[in-house]
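Novice: predicted model, plus sequence, below.
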Amino acid sequence: MCYTKIHNIALSADAVSKLDATRVSDIEGFRNFAAGFSVAPDFLENDRWTNMPTGDGSVQIACSLIMHEMLPGCYDYQKLESIGGHIGIRLTGIGDFTIASINRRVVTMAGLPVDQFSGKPELDLELAPDVFIGFFRHLMLQAADKALGAEDEYEDREISNAELLLHGMPAGGIYIAEGSLNSGVDFASSVSEAAQGRHGSLGVVSTALTRLNGQVSTGGDTDMWQVQLQAGHTYTFGLLGSSYDSYFTLSDPRLYGLYDSGGAILHAGNDDFGGSLNARFTFTPSTSGVYYLNAGGYGSTSGTYAITAIEENTPPLKVDDHTSSLSGAVSGQAEILNVGVNRTGVVDTSGDKDFFALDVVAGQTYTIQMQGSPSGNGTLTDTRIFGIYDQNSTLINQGNDDYLGLDSLVTFTAGTTGRIYIEAGAYGENAGSYTVKVQQTTAAQTSSTPDNDGNIGNTPAPTAPATPVATVPTPAPSSTDDFASTFSQAASGRAGALTAGGLIRGSVESVGDRDFFVVSLLAGQAYRFELFGGLDESASTLADPMIFGIFDSNGTLLPETTNDNAGWENSLGSGVTFMPSRSGSYYIEVGGFPEAEQNVGTYRLQSAIYELQVGSHVQGGI
């Protein structure tokens, strides 16, 4: 049947990799995560470990303590740097966590990292909490074995209460709900016994494959699995044994049938599907409710198996293509527009609204167009821009409807540098697709009158380049430096303006040229800065970009903020993660790696914000 205690289970990386998708969402993602651990015997004497409170022995407490107190001290920051600086992990039923490298230290933060362009949370891996604890226990047991094998170094080591807690010894035990691991005690073989609770549980089957493990303990034994099905939906059930994967030992699996809750057989099951020894059949119920699937081995065969279920024909959920609320946009869910890059959207239903974000520079004028079927840029017959909001959710522009025919256009001059939010939709009850275009007015182009093609200015609408374009013009290499090349120049107002979470482009005009950018940061917030050149995108030409450092407002170079070559595959890009101790303006110095010959050209500097929830716990490494 199952284990009700997990205190005696330790899971190696290989063992975890054999579990089904309900326990580990991504096997390769887990292996990537597991590769960053390095637990040495002296870690057992770590103060964080020996002074850890034992709590109440619950899974919630155990997972939190491991994540926040233990993991930062035994995880390799270089591993995190090599995969982008962070991993987003969800422990099912416990919560979300970000494990990040900040100034060569590993920290664990509550919540998931947020994609800098889409504003959406990034989830890399989901684990069942007992699997996470079991894997960490395996690492600790390995370290303890090494300590026991040492000659004299650890002979007087005291075993802490927290260590006893994790291993389920007298200081406490970690308990989980029954049904977490499907092995051990046998399931019922009849519907009547299964109805008393002695059954495996496939739960509510969806279009995501459900796979759980079980065991036929003796020849002739069968296992009842409970499953919830919906009328009119088609489901496929499978039973897999040793011919599918040598991890399983049942040589000839057989599905003996599907029963309703009263014990009536509805499908005779299957043996040897498709010329294999595995079993499979498809079933469409006429009524919704609880059903029982009977699994076992053919004849006298016994052993372990995997049972699978999937719903075949449920239409995908309708998901809005863009956030429909201002609060969602301000919280980071809005797609970020870039000057010169077209974006598309869909008004899904009558009254649907789509919010976009745009980073603007004070004093600059922007023209925002929303076009539909009248100009051949979508199927929406009557577009409408409902308004523009600032970062405080204050309406700062009333928007427009029917500027050119039934298309919409707004010309807006930014009063302050920062991020604005555009509310787009349709007039009346219309629905359909549309295109949003943003252009930045220059001295030579002051007219807001559309040409015959429906676009502002004398050129056709630009097409999207391979990578995002900055919200300020891309400087062309020239004899005039585009940005300040010294801190004193930057402090006097010549620094480029970088928005936290945004991007900007620049140019190294000559060998040795440096560019300074100013950015406003908040104390205790983690930020990531990355610099890319010609190896990373066709829009840039700088061969080997380098971040020379981050400076405070007094011009002091802050420690561990210099980087050349962050270690990404097929890239010479640079990256720095930084958490300021004080809020205020900081300056970033970038340029070309000094030892590279003729290292001049254009680059892209971008930043990302590691979102923290209110009251979240941040813990650095040792």
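Specialist: Good, I have the coordinates. Residues are numbered from 1 along each chain as shown.

Novice: which parts of the chain are helices?
Specialist: Here the chain has its helices, by DSSP state H, at 13-16, 27-34, 47-50, 59-65, 77-82, 129-149, 161-166, 191-194, 326-328, 487-489.

Novice: and these: which comes nearest Asp407?
Specialist: helix 326-328 (23.1 Å; CB to CB). No exception for glycine: its C-beta is placed from N, CA and C like everyone else's.

Novice: list the buried residues of stretch 379-391.
Specialist: Leu380, Asp382, Thr383, Arg384, Ile385, Phe386, Gly387, Ile388, Tyr389, Asp390 (16 or more other CB atoms under 10 Å).

Novice: least confident of the helices of the chain, on average?
Specialist: Among the helices of the chain, helix 161-166 has the lowest mean pLDDT, at a mean of 50.

Novice: where are the low-confidence patches of the stretch 301-450 of the chain?
Specialist: 313-321, 404, 441-450 (pLDDT under 70).

Novice: which stretches of it form strands?
Specialist: Along the stretch 301-450 of the chain, counting by DSSP state E, counting those that start in this stretch, strands occupy 303-311, 335-337, 343-347, 354-360, 365-371, 383-389, 395-397, 400-401, 408-413, 418-426, 432-440.

Novice: just the pLDDT at the residue most central in space within the chain, thanks.
Specialist: The chain has Glu122 as the residue nearest its centroid, 1.4 Å off, counting by CA atoms, centre = their mean. pLDDT, Glu122: 83.

Novice: does it touch Ala100 like I think?
Specialist: No. If you go by CB atoms under 8 Å, Glu122 and Ala100 don't touch, sitting 11.6 Å apart.

Novice: show me the common contact partners of those two, please.
Specialist: Both Glu122 and Ala100 are in contact with Pro113, where contact means CB atoms under 8 Å, 6 or more residues apart in numbering.

Novice: can you give me phi and psi for the residue nearest to the centre of the chain?
Specialist: With angles defined as degrees, to the nearest 10, Glu122 sits at phi -110, psi 110.

Novice: which ones are touching it?
Specialist: Gly88, Leu112, Pro113, Val114, Asp115.

Novice: wait, Tyr244 touches Asn278, no?
Specialist: Yes. Contact criterion CB under 8 Å: Tyr244 and Asn278 qualify, at 5.6 Å.

Novice: what about the two, which has more around it?
Specialist: More crowded of Tyr244 and Asn278, by other CB atoms under 10 Å: Asn278, with 25 against 18.

Novice: show me the shaky parts of the stretch 501-622 of the chain.
Specialist: Those would be 538, 567-570, 610-622, if you go by pLDDT under 70 across the stretch 501-622 of the chain.

Novice: looking at the helices of the chain, spot the one closest to Asn342.
Specialist: So among those, helix 326-328 is nearest, using CB to CB, at 22.6 Å.

Novice: what does that closest one contact?
Specialist: With contacts defined as CB under 8 Å, 6+ apart, helix 326-328 is touched by Ala334, Phe355, Tyr389, Ser393, Tyr421, Glu423.

Novice: which among the residues you listed end up buried?
Specialist: Using 16+ other CB under 10 Å, the buried ones in the contacts of helix 326-328 are Ala334, Phe355, Tyr389, Tyr421, Glu423.

Novice: Thr304 touches Ser246, doesn't it?
Specialist: No. The pair Thr304 / Ser246 is not scored as a contact, 11.0 Å apart, by CB under 8 Å.

Novice: with neighbour numbers in mind, choose between those two.
Specialist: Thr304 (17 against 7).

Novice: before we move on, the earlier item: mind putting the helices of the chain in JSON lines, mean neighbour count and distance to Gly257 included?
Specialist: As requested, the helices of the chain are exported to JSON lines (neighbours: other CB atoms under 10 Å; distance: least, CB to CB, whole Å):
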{"stretch": "helix 13-16", "mean neighbour count": "16", "distance to Gly257": "32"}
{"stretch": "helix 27-34", "mean neighbour count": "17", "distance to Gly257": "32"}
{"stretch": "helix 47-50", "mean neighbour count": "16", "distance to Gly257": "52"}
{"stretch": "helix 59-65", "mean neighbour count": "20", "distance to Gly257": "36"}
{"stretch": "helix 77-82", "mean neighbour count": "18", "distance to Gly257": "49"}
{"stretch": "helix 129-149", "mean neighbour count": "19", "distance to Gly257": "32"}
{"stretch": "helix 161-166", "mean neighbour count": "20", "distance to Gly257": "43"}
{"stretch": "helix 191-194", "mean neighbour count": "17", "distance to Gly257": "10"}
{"stretch": "helix 326-328", "mean neighbour count": "14", "distance to Gly257": "48"}
{"stretch": "helix 487-489", "mean neighbour count": "15", "distance to Gly257": "77"}
